[in-house]
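1. got a predicted structure plus its sequence, pasted below:
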Amino acid sequence: MSIIEIKNLSFSYDKQKVLENINLTVHEKDFLAIIGPNGGGKSTLLKLILGINPLQRGEITIYNQLPSKNLSHIGYVPQNTNINTNFPIRVIDVVMMGHLNHKEKQTLKWWQKLFQIGYSKEDMSCAMGSLAKVGMEKFANKKIGSLSGGQRQRVMIARALCANPTILLLDEPTSSIDVDGQKQIYDLLKVLNNFITVIVVSHDISVILKYASKVAHINKVLTFHNLDFDGKIKTNDEHFCEVEMLQMLGEQKIHKKGCGC
Ligand SMILES: Nc1ncnc2c1ncn2[C@@H]1O[C@H](COP(=O)(O)OP(=O)(O)O)[C@@H](O)[C@H]1O
Ligand SMILES: [Mg+2]
């Protein structure tokens, strides 16, 4: 079933055209990787899907509705979620922020909840459930600043999961995480992908080849590929680069060496 339909989408900041005539369909349980150069328009596209950027030309529908009507279906892990590690906030408080945004009936002010003047049982079980999904429930009362980069990013994913989304968008979730942490994040996304659709902006081509089912390359315009793992596209090369990836997708064969990246 298609859940996101993007048709003839163009977008400009002032006079600078950033996206041009983008067409893309995302199906339920896709694992879509979005790649492309810095400044290519990847984050802009995610913000259009989220309804953060206003539509200018073209169409986006999510479950056949405008993006702004469907926010509760989408969990979002933004790019560069730099948390001030000195700020004395616990893991559970960070996760709870994701829940507060989506709660319909607010009986307590957000700051009352934040400082645990009044987390309800229901709020707590939701946040703890999200932490359990990312394997971080034991860290609930730890200070966010005491965690590793990979652990912090898992907490950010838990925060996004708190509203029970059916689509998870992640913008470069592993850009400042070590190799082990990256693998853990992608293994986690693969498990989540059994239940929800995953759309991730990433530069790590070897990861994409291992985990994604589809790849979209965006540099103002979009090139889209279904990844076919039936023997045509396989690599164990950890240092696969984007140029090679594009060659490979274009030519359906593997070039492993000599791209200089
Ligand atoms: N809020 C903004 N206002 C003006 N220009 C922006 C804004 N956000 C991004 N841009 C510009 O739009 C282009 C695409 O940016 P972005 O979508 O962030 O690319 P990517 O995520 O692929 O690196 C870049 O040239 C960037 O400088
Ligand atoms: Mg970006």
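-> Okay, I see it. Numbering: from 1, shown residues only. Ligands and ions are numbered 1, 2, ... in the order given.
2. surely residue 74 and residue 62 touch.
-> Yes: with contact defined as Cβ atoms under 8 Å, residue 74 and residue 62 form a contacting pair (7.3 Å). Any C-beta I mention is one placed from the backbone N, CA and C, and that applies to glycine too.
3. contacting residues for residue 49?
-> 4, 6, 60, 62, 67, 74, 169, 199 (Cβ atoms under 8 Å, 6 or more residues apart in numbering).
4. need the overlap of contacts for residue 74 and residue 62.
-> By Cβ under 8 Å, 6+ apart, the residues touching both residue 74 and residue 62 are 49, 167.
5. re the thing from before, adding secondary structure, distance to residue 160 and neighbour count, write the contacts of residue 49 out as CSV.
-> Below are the contacts of residue 49 laid out as CSV (DSSP: H, G, I helix; E, B strand; the rest coil; distance: Cβ to Cβ, whole Å; neighbours: other Cβ atoms under 10 Å):
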residue, secondary structure, distance to residue 160, neighbour count
4, strand, 17, 23
6, strand, 21, 20
60, strand, 20, 22
62, strand, 16, 23
67, helix, 16, 21
74, strand, 9, 23
169, strand, 8, 24
199, strand, 12, 25
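6. in contact with residue 189, which residues?
-> 31, 157, 168, 170, 198, 200, 211.
7. I should have written residue 57 there, sorry.
-> So residue 57 contacts 8-11 (Cβ under 8 Å, 6+ apart).
8. which of these sits closest to ligand 2?
-> Nearest to ligand 2 out of the contacts of residue 57 is residue 11 (Cβ to the ion; 13.8 Å).
9. which element, helix or strand, includes the closest one?
-> Assigned by DSSP states H and E, residue 11 belongs to strand 2-13.
10. show me what that strand is packed against.
-> The contact analysis (3 or more Cβ pairs under 8 Å, 6 or more residues apart in numbering; DSSP states H and E) places strand 2-13 against strand 16-27, helix 42-50, strand 57-62.
11. average pLDDT across it?
-> Across strand 2-13, the average pLDDT comes to 96.
12. with stretch 37-48 instead?
-> For stretch 37-48, the mean pLDDT works out to 93.
13. list the buried residues in that stretch.
-> By 16 or more other Cβ atoms under 10 Å, the buried positions in stretch 37-48 come out as 40-48.
14. could I get the residues you listed as a markdown table with distance to residue 88?
-> Output for those, formatted as a markdown table (distance: Cβ to Cβ, whole Å):
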| residue | distance to residue 88 |
| --- | --- |
| 40 | 38 |
| 41 | 37 |
| 42 | 34 |
| 43 | 30 |
| 44 | 34 |
| 45 | 36 |
| 46 | 31 |
| 47 | 31 |
| 48 | 36 |
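15. which among these are in contact with ligand 2?
-> 42-43 (Cβ under 5 Å from the ion).
16. rewinding a little: give the buried subset of the contacts of residue 57 as a PyMOL selection command.
-> Only the buried entries of the contacts of residue 57 go into this PyMOL selection, using 16+ other Cβ under 10 Å:
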select buried, resi 9+10+11
